[in-house]
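1. got a predicted model here, sequence first, then my questions.
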Amino acid sequence: MKLHCATTNPGKLREFQQAASHFGAGIKIESVAGLRLLPAPAETGSTFRDNAILKAEYYSRHCQGLLFADDSGLSVDALEGAPGVYSARYAGEYAGDKANNERLIASMRGKTQRSARFICVIALARDGELIQTFDGLVEGEILEQERGGLGFGYDPLFFFPPYGCTLAEMDESRKMSVSHRGAAIEKMLRYLAGPGRAA
């Protein structure tokens, strides 16, 4: 079975492909051909689910077969849930990981409550019609400085207490076993493996 993935983020695509090889034998995940040439839809949703559905319905009109899109990000308790749906652009519309992490460090300076969670919602669609959504989350804490050179995004600041390290200190396989994205895609792959599912 082949699935199209609507993302231009190479880190996300790599994680999804890793998950497919780990959880879903025989499922191949590919980026949408010409995705970068398509005008991106405005992510106007107020929740991760809203934005995932919006993207999946939009991009599935531009390919044949099943397509999924995700919306994911970081929710920090001391920041009342921020950066939330603005995680990718926390430091500005075209901010990169470094700028976003620097802003998060600055926003958390002096705060004793460090609890946070990564949230991921995946929407599966075909021909512009939503089929199902799947969610996952991972609980952790925000560090005062980055640790680890693996992963991407806020991974170097996200400490996972059960393993005693950040997500950026885990290899891809270990990270996928606990991550929000791993949990969401595992649910989707199990759904697709159910009776009567077809590509």
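-> Structure's in. What do you need?
2. CA atoms for contacts and neighbours, from now on please.
-> Noted.
3. only C-alpha atoms, please: export the helix or strand where residue 185 lies in CSV.
-> Assigned by DSSP states H and E, residue 185 belongs to helix 180-192. C-alpha atoms of helix 180-192 as CSV (Å, rounded to 0.1, in the frame of the first residue of the first chain):
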residue,chain,number,x,y,z
HIS,A,180,3.5,12.0,19.5
ARG,A,181,4.1,11.5,15.8
GLY,A,182,4.9,7.9,16.3
ALA,A,183,1.7,7.3,18.3
ALA,A,184,-0.5,9.1,15.8
ILE,A,185,0.9,7.3,12.7
GLU,A,186,0.8,3.9,14.5
LYS,A,187,-3.0,4.4,15.0
MET,A,188,-3.4,5.3,11.3
LEU,A,189,-1.4,2.3,10.1
ARG,A,190,-3.4,0.0,12.4
TYR,A,191,-6.6,1.5,11.0
LEU,A,192,-5.4,0.9,7.4
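4. in that helix, what counts as buried?
-> 180-189, 192 (16 or more other Cα atoms under 10 Å).
5. same question, stretch 33-50
-> 35, 43, 48-50.
6. least confident of those?
-> Ranked by pLDDT, the buried residues of stretch 33-50 bottom out at residue 35, which has 83.
7. and that one, how close does it get to residue 184?
-> Going from residue 35 to residue 184 by Cα to Cα, to the nearest Å gives 22 Å.
8. and the worst-scoring helix or strand of the chain on mean pLDDT, what other elements does it pack with?
-> Using mean pLDDT, DSSP states H and E, the weakest-scoring helix or strand in the chain turns out to be helix 10-23, at a mean of 80. Secondary-structure packing of helix 10-23 (3 or more Cα pairs under 8 Å, 6 or more residues apart in numbering; DSSP states H and E): strand 28-31, helix 172-178, helix 180-192.
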